[in-house]
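# got a predicted structure here, sequence first:
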Amino acid sequence: MALGKLAVNDRSDGFTLDGKPWFWLADTCWSAFTSIELADWDYYLARRAEQGINVLQINTLPQWDRCRPDLGLYPYASEDGTVFDWSTPNEAYWQRAREMCRMAVERGIRPALVLLWCNYIPGTWGANISEKLGVPLLPFEEVRPHIERVVEHLGEFDPVYVVAGDTDFKADEAIRYYEEGFSAICELAPDSLRCVHINRGNRSIPEQFVDRVDFYMYQPGHNYEGQDEAWRLPEDFCSRYPKKPLLNSEPCYEQMGASRNVYWRFSAQDCRASAWSGILSGATAGLTYGAHGVWNWQTASSRGSVLGEGFDMPFRWQECLQFPGVWDFGLVLHVLDALTEGGKLAIEPAQELLDDAREAIRVACVGERIVAYLPRVTALKLRGDLDGMRAVAFDLEDKRLAHLPMRVDAQAGTTRVEQHPFGHDVLVVLTPTV
């Protein structure tokens, strides 16, 4: 089964598939190739396809904070799954990864393959942890052979190539490695889309890589106090870099404990807040969902992570597939399709219309419509005389619709949309009446 040709659209704010508008809706399954039995993989794919997922973000190397025990099958010779003989590839691993990609594509799901996760690359924050634990890093001379192996075994599935995984670019040595990675993938798969997955809160891409990525990924991540990055990062990307599709590639994961062992679990509403606030701030090309227990593949036998940082205990992957948040993410495409008239209209951030100091309320324009995301119940105060528009609130929790009264203060040049009756986050949409 061919998935079709994925490309950047003419507005440079999203994607097309065989020339038609296409929204990236991914699941985070970093540990797939090392951790998932094929029968479980088949069930997982069936469920995610039902939920509208069309991309899987997967690490081609063993995920450093995956759950243990894993399957004991690694891309290179290893006795413990952390130290590798990089010169001795394991053909069984690559053939199995090939079969897993084939199964995904048959479900209409495209692989997005991370080539070089940060903990394998010198000079990154992840490598600092590996080195403290005495885990050897990837030798520079093995960067190109690894990428050649990925393209040889998995390139037929037309994946998106994510050159860097969860990385920063603060050290020259890291940049040298990723330069080699870009050179290899640009040569070996020149027609495939490329990007980098950068670490939490990062808004810096080396200048020499900007022209070689087809779109930008950003990551608000899992810090309890850093969730405002969901809208601050797209604002910065849009102002700092040439216009390209932009997407939130790692929002807070549903039911994940906040990083650094903060006593907190991110709810479906927290995930929706990251999603919608990013979209209305410029990240309109797509969205990635994550469930705590899927990305690292928690089973009933799991005892902990391999080398990872501290998060509270994951849920078992079977339980994760029942979380409600992924259905909310699947609904995003249908809401956007209605608002943008099938992708004909652009979503333009319009925060200047908000007459309120609470920046968590996000505002955008879609054609003649004004769309606002309200994470908590309150009235919506906007600049401008919006007489002649009607307002509705869409309850993102229970999927209800309320028609809201509006008060225009012509003298002050402001409009107040009255408080909605729902106890959860909403989209408020203002539409001209004529």
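Sure, I can see it. Numbering: from 1, shown residues only.

# just to check, residue 413 is in contact with residue 386?
No. In this structure, residue 413 is not within contact of residue 386 by Cβ atoms under 8 Å, at 10.0 Å. Any C-beta I mention is one placed from the backbone N, CA and C, and that applies to glycine too.

# who has more neighbours, the two?
Each of residue 413 and residue 386 has its neighbours counted (other Cβ atoms under 10 Å); residue 386 has more, 20 against 12.

# need the nearest residue in space to the more buried one, chain neighbours excluded.
residue 415 (4.0 Å; Cβ to Cβ, 6 or more residues apart in numbering).

# so residue 415 sits in a strand?
Yes. Assessed with DSSP: H, G, I helix; E, B strand; the rest coil, residue 415 lies in a strand.

# spit out the contact partners of it.
Going by Cβ atoms under 8 Å, 6 or more residues apart in numbering, residue 415 touches 381, 382, 383, 384, 385, 386, 387, 389, 406, 407, 408, 409.

# again, 6 Å this time
Contact partners of residue 415, counting by Cβ atoms under 6 Å, 6 or more residues apart in numbering, are 382, 386, 406, 408.

# same thing with residue 390?
431, 433.

# could you redo the last one with a cut-off of 8 Å?
403, 406, 430, 431, 433.

# now pLDDT too, for those residues, in a markdown table please.
Below are the contacts of residue 390 laid out as a markdown table (pLDDT from 0 to 100):
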| residue | pLDDT |
| --- | --- |
| 403 | 98 |
| 406 | 98 |
| 430 | 98 |
| 431 | 98 |
| 433 | 94 |
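
# and those residues as JSON lines, adding neighbour count, distance to residue 226 and secondary structure?
Below are those laid out as JSON lines (neighbours: other Cβ atoms under 10 Å; distance: Cβ to Cβ, whole Å; DSSP: H, G, I helix; E, B strand; the rest coil):
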{"residue": "403", "neighbour count": "9", "distance to residue 226": "36", "secondary structure": "strand"}
{"residue": "406", "neighbour count": "16", "distance to residue 226": "34", "secondary structure": "strand"}
{"residue": "430", "neighbour count": "23", "distance to residue 226": "31", "secondary structure": "strand"}
{"residue": "431", "neighbour count": "15", "distance to residue 226": "34", "secondary structure": "strand"}
{"residue": "433", "neighbour count": "7", "distance to residue 226": "40", "secondary structure": "coil"}
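
# and this protein, what are its domains?
For the chain, the structural domains run 6-339, 350-432, going by automatic domain parsing.

# model confidence for residue 309, exactly?
Here, the pLDDT recorded for residue 309 equals 63.

# for residue 153, give me its contacts.
94, 95, 97, 98.

# could you dump those to JSON lines with distance to residue 353, secondary structure and pLDDT?
Shown next, in JSON lines, are the contacts of residue 153 (distance: Cβ to Cβ, whole Å; DSSP: H, G, I helix; E, B strand; the rest coil; pLDDT from 0 to 100):
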{"residue": "94", "distance to residue 353": "52", "secondary structure": "helix", "pLDDT": "98"}
{"residue": "95", "distance to residue 353": "55", "secondary structure": "helix", "pLDDT": "98"}
{"residue": "97", "distance to residue 353": "48", "secondary structure": "helix", "pLDDT": "98"}
{"residue": "98", "distance to residue 353": "50", "secondary structure": "helix", "pLDDT": "98"}
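
# quick check, nearest of those residues to residue 348?
residue 97 (40.4 Å; Cβ to Cβ).

# got a list of what residue 267 touches?
For residue 267, the contact set (Cβ under 8 Å, 6+ apart) comprises 254, 255, 325.

# picking up where we left off before, now the contacts of residue 153: which count as buried?
Among the contacts of residue 153, the ones that count as buried by 16 or more other Cβ atoms under 10 Å are 94, 97, 98.

# look up how far residue 71 lies from the second one.
Going back to what we said before, that points to residue 97. Going from residue 97 to residue 71 by Cβ to Cβ, to the nearest Å gives 12 Å.

# just residue 276 next, same as before
For residue 276, the distance to residue 71 - Cβ to Cβ - is 37 Å.

# do residue 119 as well
Residue 119 is 20 Å from residue 71, by Cβ to Cβ.

# when the two are compared, which one has more neighbours?
The neighbour comparison of residue 119 against residue 71 (other Cβ under 10 Å) goes to residue 119, with 29 against 15.

# partners of the strand or helix carrying residue 371 in the sheet?
According to DSSP states H and E, residue 371 maps onto strand 369-374. Sheet partners assigned to strand 369-374 using DSSP bridges are listed as strand 362-366 (antiparallel), strand 426-432 (antiparallel).

# among those, which is nearest residue 238?
That would be, of these and by Cβ to Cβ, strand 362-366, which comes in at 12.0 Å.

# would you mind pulling the contact partners of that closest one?
231, 276-277, 279-281, 339-340, 345-351, 353-354, 370-373, 382.

# if anything else comes up later, I'll come back, but that's it for now.
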